[in-house]
Structure formats: structure tokens, C-alpha cells
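Participant: no FASTA, just this:
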């Protein structure tokens, strides 16, 4: 890297949606070893790669291998919470350090490295068509954006819909299907035809689509522009644009609804990346906000459907009975529901530190209504 390169890199826009802006910048190239790169990253330096793109990818992979350690499964009945916290800390450290290998991005969303692929389309989808350039982007983020574009092109099969969804970068795909299946089952048991429904925190819109297919008119809220765009695009693909209305809102839309559905993040713990927010709910704020506001957004005779896994209780992140206590404290009661056990591959991964909890996990859909007021 020339002195001119260093000066330009210092003035470049940090384009990462998931990693903190760098402090110190330094050069890296085809001669940089994984050991040296990690040592510098641990000192807080972000390395700007100038060399062959393929070698940059190999360097990042080698750095990742050095950070990976064999997962220790707790003894049967052991401290799952400690294991969970150790794994989250390792993930946080890995994300931080591997995000400190960056590549330059120039006009036209071009990566000016030898053998770099054409990534303009992937970057435009992830960053918008006109980010401030020149910029710097963690190679890890770039690889995620490239993968997301391919994921979006192929789509994600959702058996309950008999269709594929095409989520944008940054929108968590419905790769686990039990929450979708539970809503589909509930809509068969307790018909929703003609009901005005609200899907809180819609994400890809998958639950809104299930409800719309079952005959409901659905408002689908989210704070993420990418989630709302994904929902709007897939609603059009599925022929549901007239039954699903995406709306930017923090939890609830204004007004009252016959049915309010919510599949909140299941684990009350810190989110390391923006995508993690689909799974991790720091302090349980999302769940508390939903329960606290539900009654005020239901029509007379309306109900809420809360879809939640008990994995947090099995790990020790939440006390047994805590969710039911929150429901009661919010002036609500459970009047029925359905349950499902997971079938995703991690339930069969005996090397997973949380295997003991995952193997017993139950996901439930609780039907919630306002509690009768005492006479």
C-alpha cells in the first residue's frame, strides 16, 4: 500500500452494517499471514487488503480457523447457561476480529483487487444503489452480501405456503419451520377468514402470508426497511398484495385488530449482529413490549397469538413460569394453543454445547385474551 492509498483509506466511508467503525487502519496484502493479521486485529487495527481477492478470502478463512476451538459439550445436567454464555462470547470476539479485514470499494461498487468478482449487484441490494464512496467494507460482510444475493435469487422453500420466499440481505430467513406450521395449524383450528389481523415484527412476512392465505386481511409491521421491502415484494409474487399491508412501526400499528400475531426473538440475550436480532431479544424488551401493549390493540372478542420456544428456560436465560407470569401481569390469560417439537438439524447435533436443551425444546402458540375484570 502506498502512502497515497493509506491517506485515501482514512477518508473512506465505513460501509459495514454490522461492525463498529475502525480506529487504526493498516495495510495487508498477499504476504500477510493469518497469525500476523490476527495479532494486529487483536491490537485494534483494521487491515485494508491490497492484493489478490482470492488470497484475501484465503486469509480470512485461515484467521477464522485460528479462532475456532473445539466445542465442549457440558456434561449431562451440566451448566448449560455457562456454555451458552461462553459460546456467545466466542462469537462476539470472532465477529469483531474477523471484521477487521476489509477491502476497498470504489465508484461503480467495484472492488479494486485482482480477480475480484463483479459484486455491484450484491452491494446495491445490501447497501442501496448509491452509498458514499470510496468506502471500506469488511470482507466478511462482503461475503455475506454475495451469499445473500444468491440466497435471494434461489429463494427459501416454505412448505406451509407451498412457495418460496426471497428475503433481502439482513432479513432472517424462515429456515426453521415450526413457528410457521403452528400458525398454519392455528388458522385451521380457529378460522381467521374475514378477520383484521396484525403481524408484529413481520420479518420476511411469512406469518402474514399464512394468515392472508387463510382469509385474513393483514397489516405487517417491522422497523427494518429491508424486511418491509421483502414482505412487499413476496406479497406481490404470491398474489397477496391486496391482503398484506407492510407498515414501518415499532411493534404495533395504530388501531385495534381481531387477531394480533407475534413470533418475537426467542432468547433474551445480546445480539452480536443486526441479523441476530431475529433470535436475540436483549433484556426481553420485545416480548415485554408486545405483552404490555396487546390488550390495547385488540377489538372486543379479539385475541393474540404468541409463538415462543421454551429454549430460554431450558438454558437458564429465563426462569420457568416467567412468561406465564408476564402474561398475567399484562392483564392477559391463555385460552388454548398448540405445540410443536423442532425438527431442524441442530437438534441432532450431539456436539452442540446446547444439545441437551435443543433435544427437549418445545415451541408453543399461546392464544391470549384480556383477563376478565373482577366484578
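Facilitator: Arrived safely. Please read these numbers as outputs of a predicted model, since none were measured by experiment. Numbering: from 1, shown residues only.

Participant: pull the contacting residues for the closest residue to residue 287 other than its chain neighbours.
Facilitator: Nearest non-adjacent residue to residue 287, counting by CB to CB, 6 or more residues apart in numbering: residue 264, 4.8 Å away. All C-beta atoms are positioned from the backbone trio N, CA, C, and that covers glycine. Residues in contact with residue 264 (CB atoms under 8 Å, 6 or more residues apart in numbering) are 200-201, 281, 286-287, 290, 306, 308.

Participant: just the ones of those residues in helices?
Facilitator: 286-287, 290 (DSSP state H).

Participant: ok, back up a step: closest to residue 81 among the contacts of residue 264?
Facilitator: Relative to residue 81, the closest of the contacts of residue 264 is residue 281; by CB to CB it sits at 16.4 Å.

Participant: isn't that closest one up against residue 287?
Facilitator: Yes. Between residue 281 and residue 287 there is a contact at 6.0 Å, judged by CB atoms under 8 Å.

Participant: include distance to residue 157, pLDDT and neighbour count when you put the ones in helices among the contacts of residue 264 into CSV, please.
Facilitator: Shown next, in CSV, are the ones in helices among the contacts of residue 264 (distance: CB to CB, whole Å; pLDDT from 0 to 100; neighbours: other CB atoms under 10 Å):
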residue, distance to residue 157, pLDDT, neighbour count
286, 27, 96, 20
287, 29, 97, 22
290, 28, 98, 22
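
Participant: and residue 195, how far from residue 257?
Facilitator: Relative to residue 257, residue 195 is positioned 8 Å away (CB to CB, to the nearest Å).

Participant: I meant to write residue 188 there.
Facilitator: From residue 188 to residue 257 the distance is 20 Å (CB to CB).

Participant: try residue 97
Facilitator: Here residue 97 is placed at a distance of 45 Å from residue 257 (CB to CB).

Participant: who has more neighbours out of those two?
Facilitator: Ranked by neighbour count (other CB atoms under 10 Å), residue 97 and residue 257 place residue 257 first, with 25 against 19.

Participant: need the contact list for that one.
Facilitator: Taking CB under 8 Å, 6+ apart, we find residue 257 in contact with 196-198, 219, 297-299, 302.

Participant: hmm, 7 Å instead?
Facilitator: Shown in contact with residue 257 (CB atoms under 7 Å, 6 or more residues apart in numbering): 196-198, 297-299, 302.

Participant: likewise for residue 266?
Facilitator: With contact set as CB under 7 Å, 6+ apart, residue 266 has these partners: 279, 308-309, 311-312.

Participant: for the stretch 201-350 of the chain, which segments count as helices?
Facilitator: 206-213, 225-237, 285-294, 311-315, 322-329 (DSSP state H, counting those that start in this stretch).

Participant: so of these, which one's packed in deepest?
Facilitator: Comparing these by mean neighbour count (mean count of other CB atoms under 10 Å), helix 206-213 ranks first with a mean of 27.

Participant: need the residues that contact it.
Facilitator: 158, 160-161, 165, 174, 180, 183-184, 187, 192, 197, 199, 202, 218, 220, 231, 235, 238, 240, 243-244, 261, 263.

Participant: ditto for stretch 307-316
Facilitator: 80-81, 84, 179, 182-183, 263-264, 266-268, 318, 320, 323, 354, 357-358, 360-365.

Participant: list only buried entries from those.
Facilitator: Buried members of the contacts of stretch 307-316, scored by 16 or more other CB atoms under 10 Å, are 80, 84, 179, 182-183, 263-264, 266-268, 318, 323, 354, 357-358, 361, 363-365.
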